[in-house]
Structure formats: C-alpha cells, structure tokens
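S.K.: Have a look; sequence and predicted model below, questions after that.
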Amino acid sequence: MPSVTHDDAPLLADLMPWSVAPLRPGRAWPTAPDAACLKARWDALLKAEGPDREALFEPTRSRTLHSAVGQLPGQSSGTGKLVRASGPCPEPVRVLAAPFDEQWLIPDHRLLDTARPELWRVADEHQVFAVESPADTPGPPLLATSLLPVLRPGRIRPLYRRPGGTEPNLAPGLLEHLGSRLGLSPTPLDVLAWVMAAVRPDLTVPLTEDAELWSRGVESGRRLLWLMRRQGERPKLPGGRRPYVRAPLPSLPLTLHYDRDEETLHLDEGRISPVPPEAWDFEVAGVRVLEQWFTIRTTPAEPGTLTAIRPTSWPQPWTSELLELITVLALLAEHHSPQAEQPRMTAPLTATSLHKAGILPPPEPSRRPASVLDHHEEGPEGQFALL
C-alpha cells in the first residue's frame, strides 16, 4: 500500500466524525471466554442474599444492587433492581473483550457501569466498529470488529450511524466527492477498507485521487477487515502450513513458552506448531496478543468471587480459537505499514482541498449519535423509555 509523505492528510476524526468512548464495565465477572461459566456466575449471584449478594456483585459508585436503569437496546434482560432479581441469566452475547480476543458478556445494563447504549442501538450484522489504539504504541493504529467492542482504551467509530447499514458515519458529502475525483462509486465499506490500509499512527488518513492506487488500497484494506473480523472462510498460512497440536494440551495449562528456533508454542507439556515468530511477536498497544489471550484464560481469580467460577479444564473450543488466532496474527504481520512500502502516493487528496470543497470540517450534528426510533426500549422498573 503506497504512502504519502506530505503532512496535509485529513484526520480520521474528521472523516468518521461520530465516535463513542469505550465501555466501562466496572467489574470483570460479567465477561468471560466461556459462556457457560457466565450463567453459573449469574446463578451464584442470585442464590446469595443480603450482604453476600452485594459482595459478590462488587458495587461501584455507578452500579449497586439498588441501581435502576433501562434495558440495553436489542436485549431482553430485566430492569428491576438486582437486589430482588430472580430468573435465568440473560443469554450471553459475543463481544471483542481484548485485541483479537472474542469472549462472552452478560448483556444486562444493571451489571455495566457505563454501557454506551448508543453503540448497542447500532450493533447488528451490518455494522463494523473501528477501534482506535493508543498513540505511540506498537501494533496497528486501528482494529476492526463486527462484534460490540468492550476493550479499552481507544475510542470507537461505528461505520454506520443507524441499524441496517444505513447512514454511513462519514463526513457528509465525502462519498460523493471521492466518487467524482476517482471516477468510481465507492461504498462506505470501501472507505473503511482504505482507512484500515492507509491510516497512520497519528490517526491521519492519506487520501488519493488516483483510481488505480485507490483500488489497490481498498483491496488491501478489505483483506485486513476480513482477517480482523474473522468472518467467512477460515484464513490459511501460505504454502500449506497450518498450526496444529503436536502434543496434547494438559487439562488446564498454566505456563506459556515460545521456542523461536522450533517455531513452537508450549502450553506446559502441550505443543502447538508451526507458530511463526511474527504471530508470537504481534503486539497491540505494546502488549503481546498471544500472551494476553492465554493469561486471561489461566490467571487464577480471587477465591470466593464470581470471577473464580470458571472452567475447571481447558475447553476444546479454546484450542480451535488459539489455532485460528495464530494464523490471523501471522497473516496480519505480513501487511507492512503503508509508510514502508513505496516512497510516495500520487495525486493526494488533501485536507485543504476537502475544506475548500466544503467537506471539512464536518457539521457538528454528524459528531453526535443519530436518533434511532425503530423500537421501544424498556426503562427502569419496566417503564418504556422515550428516545
């Protein structure tokens, strides 16, 4: 993907104006890599009474057993105060809990300090969330996911402002302006693909009027989106290589070690190979992804807490997820930064020219969430909320 050496590239914050701060769950136990243990944690909470239930819940200033909050959009959890709650656990939903780490979450507003309902309203099968990484840290400046992101600390920029893939979160007029300059008809997903391929660490996004260059960038970005979203056909390493289990994993591995010479990942006496060094070294925000993924699943929790309710042995799905994650990270590492490939981009479309065209700065309403009135949302204690 060619790069730009000039300094007049527009900001991502102007190209995708609406952003939302990350969720703040406030407590760890409603999120887990295993859905069954979440239901067990919920049952344990509801079986406890009085001070025991309060201690298990882990109250904060934002959430206690007496908090009265509305339902999360699109979810069917209760809205009565948890101090007198009963019934089964709300069905856990898949979320992106850490970089490249898909886990499960109990989708109950009463459990989350700051749930960002505006994100839940637009989360559906059409949505793609771009999540900013902290500045000046190793790894990709942006992550992309089709799942609701609950990871910190970066801001979240949905591709669409409304459900159903409608009203793209792009500066008004940008699509049409790009189309006229390129002689093409770019889609919102094309723009996001270009952004993924071209975004700089400082979250500026070089643009071009060169149609051939644009098409190559979009193709590269769509591959990045495919790898990060992990949808459709499973990715494969080139040359027919694929990581697999060479020695069985123990019932609950506690240590992780990488042998760079043998390209082998050791989970206690279990062995997985080949694991390319690029996959092992892959970092986001200065944290090695594979190590973080393993640590989340194996670090002992404080006894007597809900977080301590977890699988007593290593579930088979975790092995499959680990093998796929190794492949994804290895393939992502092949995508060199745009700045490193070619010396200069042709026909730059600058921030100055976008200002002259009236595209930038985007109008203030485009930086705020759209009004979504498609369905009722239950408010605190069963009342209907007005949106």
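M.R.: Everything's here; your move. This structure is a prediction, so every number in the text was calculated from the model and none was measured.
S.K.: ok, now which ones touch residue 153?
M.R.: 22, 134 (Cβ atoms under 8 Å, 6 or more residues apart in numbering). (Each C-beta comes from the backbone N, C-alpha and C, glycine too.)
S.K.: That one: which element?
M.R.: Using DSSP states H and E, residue 153 sits in no helix or strand.
S.K.: Residue 325 and residue 150: what is the separation?
M.R.: From residue 325 across to residue 150, the span is 18 Å (Cβ to Cβ, to the nearest Å).
S.K.: Ok, residue 73 next?
M.R.: Taken as Cβ to Cβ, the span from residue 73 to residue 150 is 15 Å.
S.K.: Now for residue 222, how many residues are close by?
M.R.: By the criterion of other Cβ atoms under 10 Å, residue 222 has 17 neighbours.
S.K.: let's have the chain start at 40 instead
M.R.: Got it, first residue is 40 now, which makes that one residue 261.
S.K.: Confirm it sits in a helix?
M.R.: Yes - membership of residue 261 in a helix is supported by DSSP: H, G, I helix; E, B strand; the rest coil.
S.K.: And it, how far from residue 228?
M.R.: Here residue 261 is placed at a distance of 8 Å from residue 228 (Cβ to Cβ).
S.K.: for residue 265, same thing?
M.R.: Distance, residue 265 to residue 228, by Cβ to Cβ: 11 Å.
S.K.: my guess is residue 198 contacts residue 169, does it?
M.R.: Yes - with contact defined as Cβ atoms under 8 Å, residue 198 counts as touching residue 169 (7.1 Å).
S.K.: which residues are common contacts for these two?
M.R.: Here residue 198 and residue 169 share the contacting residues 55, 231, scored by Cβ under 8 Å, 6+ apart.
S.K.: Counting neighbours, go ahead and name the busier of the two.
M.R.: Taking other Cβ under 10 Å, residue 198 and residue 169 do not tie; residue 169 has more neighbours (26 against 22).
S.K.: Do I have it right that the more buried one meets residue 196?
M.R.: Yes - with contacts counted by Cβ under 8 Å, residue 169 reaches residue 196, the gap being 4.5 Å.
S.K.: so what sits against both of those two?
M.R.: Between them, residue 169 and residue 196 share these contacting residues under Cβ under 8 Å, 6+ apart: residue 55.
S.K.: Can you report how many residues lie near residue 320?
M.R.: Residue 320 is flanked by 15 other residues according to other Cβ under 10 Å.
S.K.: go on, the one 3 residues further on?
M.R.: By other Cβ under 10 Å, 24 other residues sit near residue 323.
S.K.: what sits opposite it in the beta ladder?
M.R.: Taking DSSP bridges as the rule, residue 323 bridges to residue 326.
S.K.: now do residue 181
M.R.: Beta-bridge partners, per DSSP bridges, of residue 181: residue 171.
S.K.: And the pLDDT at it?
M.R.: Looking at residue 181, its pLDDT stands at 96.
S.K.: ditto for residue 190
M.R.: You'll see residue 190 listed with a pLDDT of 89.
S.K.: Within the helices and strands, which one has it?
M.R.: Residue 190 belongs to no helix or strand when assigned by DSSP H and E.
S.K.: Please name the nearest non-neighbouring residue to the most centrally placed residue in the chain.
M.R.: The centroid of the chain falls nearest to residue 188 when counting by Cα atoms, centre = their mean (3.9 Å). Distances taken as Cβ to Cβ, 6 or more residues apart in numbering put residue 135 closest to residue 188, at 4.5 Å, once the chain neighbours are dropped.
S.K.: what sits up against the host helix or strand of that neighbour?
M.R.: Assigned by DSSP H and E, residue 135 belongs to strand 132-137. Contact with strand 132-137 is made by 70, 72, 114, 141-144, 146, 168, 170, 182, 184, 186-190, 331-332, 335, as judged by Cβ under 8 Å, 6+ apart.
S.K.: next one: stretch 309-328
M.R.: Under the contact criterion Cβ under 8 Å, 6+ apart, stretch 309-328 has outside partners 138-140, 172-173, 176-179, 182, 276, 280, 282-289, 292, 297, 299, 301-304, 329, 361-362, 364-366, 368-369, 371-373.
S.K.: C-alpha coordinates for that stretch, CSV please?
M.R.: What follows is stretch 309-328 as a C-alpha-only set of coordinates in CSV (Å, rounded to 0.1, in the frame of the first residue of the first chain):
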residue,chain,number,x,y,z
GLY,A,309,1.4,-29.4,25.3
ARG,A,310,2.9,-28.2,22.0
ILE,A,311,1.5,-26.2,19.0
SER,A,312,3.4,-25.6,15.8
PRO,A,313,4.3,-24.1,13.5
VAL,A,314,3.8,-20.7,15.1
PRO,A,315,5.6,-18.1,13.0
PRO,A,316,7.7,-15.6,15.0
GLU,A,317,5.6,-12.8,13.5
ALA,A,318,2.5,-14.2,15.2
TRP,A,319,4.2,-14.5,18.6
ASP,A,320,5.7,-11.0,18.4
PHE,A,321,2.4,-9.4,17.3
GLU,A,322,1.5,-6.6,19.7
VAL,A,323,-1.3,-4.2,20.2
ALA,A,324,-0.7,-1.2,22.4
GLY,A,325,2.6,-2.7,23.5
VAL,A,326,1.1,-5.9,24.7
ARG,A,327,1.8,-9.3,23.0
VAL,A,328,-1.6,-10.6,21.9
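S.K.: Quick check: mean pLDDT of it?
M.R.: Stretch 309-328 comes out at a mean pLDDT of 95.
S.K.: can you pull the buried residues of that stretch?
M.R.: 309-315, 318-319, 321-324, 327-328 (16 or more other Cβ atoms under 10 Å).
S.K.: just stretch 234-251 next, same as before
M.R.: In terms of neighbour count (16+ other Cβ under 10 Å), stretch 234-251 has its buried residues at 234-239, 242-249.
S.K.: Please apply the same query to stretch 132-141.
M.R.: Neighbour counts over stretch 132-141 (16+ other Cβ under 10 Å) mark 132, 134, 135, 136, 137, 138, 139, 140 as buried.
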